[in-house]
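Asker: Generate coordinates for the sequence data below:
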Amino acid sequence: MEVKVLNVSGKETGAKVQLPEAIFGIEPNDHAIYLDVKQFLANQRQGTHKSKQRNEIAGSTRKLYKQKGTGGARAGSVKSPLFNGGGRVFGPQPRDYSFKLNKKLKVLARYSALTYKAKDSNVIVLEDFSFDAIKTKSYIQLVADLKATDVRTLLVLPAANNNVYLSSRNLKKTKVITVDQINTYDVLNAGKLVLTTGAVKILEEALAK
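Answerer: Below you'll find the model as predicted:
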């Protein structure tokens, strides 16, 4: 797939980039995407939820009333789950929600997501750039020039760029990552995928290995 290269002002430079068919032109696998996104979201969960069981409640263990003759159920102490402030029965406990996925499946899911973006013509290629200073205004202008103000944008850089990253950090609909941080969830969640020419070159080199 051939895409025209734009500059930071959103104008065509006259150059064109050929997106690798092995990455942006495969047969998408929806089930692989589902599993990869499920793993990504599961890994975000801290799993620190916790409720106190009966043996963890602070309170007297004195028997509340005689065992028989009250006409009600027996209750050993105020820590009984039957009372307000008592222990919780089968409450949540800290746990790890992450699970393993094979590397090849994750790669397939990532390429499938990139293919969907390419098929929908939601891939923009920019020439490599940087900002002279950290200014949110500069990044807002960049997004406006790309006519992507109303959608989520995912900018992929070949390497970390502190000025660009910090300029975008306060904007809700933008995210800046490097090539090695590309994941299925972020690609699908973005309305426009913006790649720099350097990022495309790294993707091609990784494919050749």
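
Asker: What segments of the protein are helices?
Answerer: Taking DSSP state H to define them, one finds helices in the chain at 21-24, 30-44, 103-119, 136-145, 162-168, 184-189, 197-208.

Asker: Show me what counts as buried in the last one.
Answerer: Within helix 197-208, the residues that qualify as buried are 197-200, 202-203, counting by 16 or more other C-beta atoms under 10 Å. From N, CA and C alone the C-beta is placed, and that goes for glycine too.

Asker: Select, out of the helices of the chain, the one closest to Gly85.
Answerer: Gly85 lies closest, by C-beta to C-beta, to one member of the helices of the chain: helix 30-44, at 32.5 Å.

Asker: buried stuff in the closest one?
Answerer: Buried residues in helix 30-44 (16+ other C-beta under 10 Å): 32-33, 35-37, 39-40.

Asker: pLDDT weak spots in this protein?
Answerer: 208-209 (pLDDT under 70).

Asker: would you turn the buried residues of helix 30-44 into TSV with distance to Lys119?
Answerer: Shown next, in TSV, are the buried residues of helix 30-44 (distance: C-beta to C-beta, whole Å):
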residue	distance to Lys119
Ala32	16
Ile33	14
Leu35	21
Asp36	18
Val37	18
Gln39	24
Phe40	22
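
Asker: what two of the residues you listed are the furthest from one another?
Answerer: It's Ala32 and Phe40 that sit farthest apart of the buried residues of helix 30-44, by C-beta to C-beta, at 12.5 Å.

Asker: residues touching Ala148, list them.
Answerer: Contacts for Ala148 (C-beta atoms under 8 Å, 6 or more residues apart in numbering) come out as 124, 191-192, 194.

Asker: Same question for Gln93.
Answerer: So Gln93 contacts 49-51 (C-beta under 8 Å, 6+ apart).

Asker: Among those, find me the one that's closest to Ser168.
Answerer: Of the contacts of Gln93, the one sitting nearest to Ser168 (C-beta to C-beta) turns out to be His49, at 32.5 Å.

Asker: Name the nearest residue to the closest one, sequence neighbours excluded.
Answerer: Pro92 (4.4 Å; C-beta to C-beta, 6 or more residues apart in numbering).

Asker: If the closest residue to Lys117 other than its chain neighbours is in a bridge, with which residues?
Answerer: Leaving aside its chain neighbours, Lys117 sits nearest to Leu193 (4.7 Å; criterion: C-beta to C-beta, 6+ apart). Per DSSP bridges, the residues bridged to Leu193 are Val123, Leu154.

Asker: Give me the residues contacting the biggest strand by length in the chain.
Answerer: With secondary structure taken from DSSP state E, the chain has its longest strand at strand 12-18. Here strand 12-18 makes contact (C-beta under 8 Å, 6+ apart) with 1-7, 125, 127, 197, 200.
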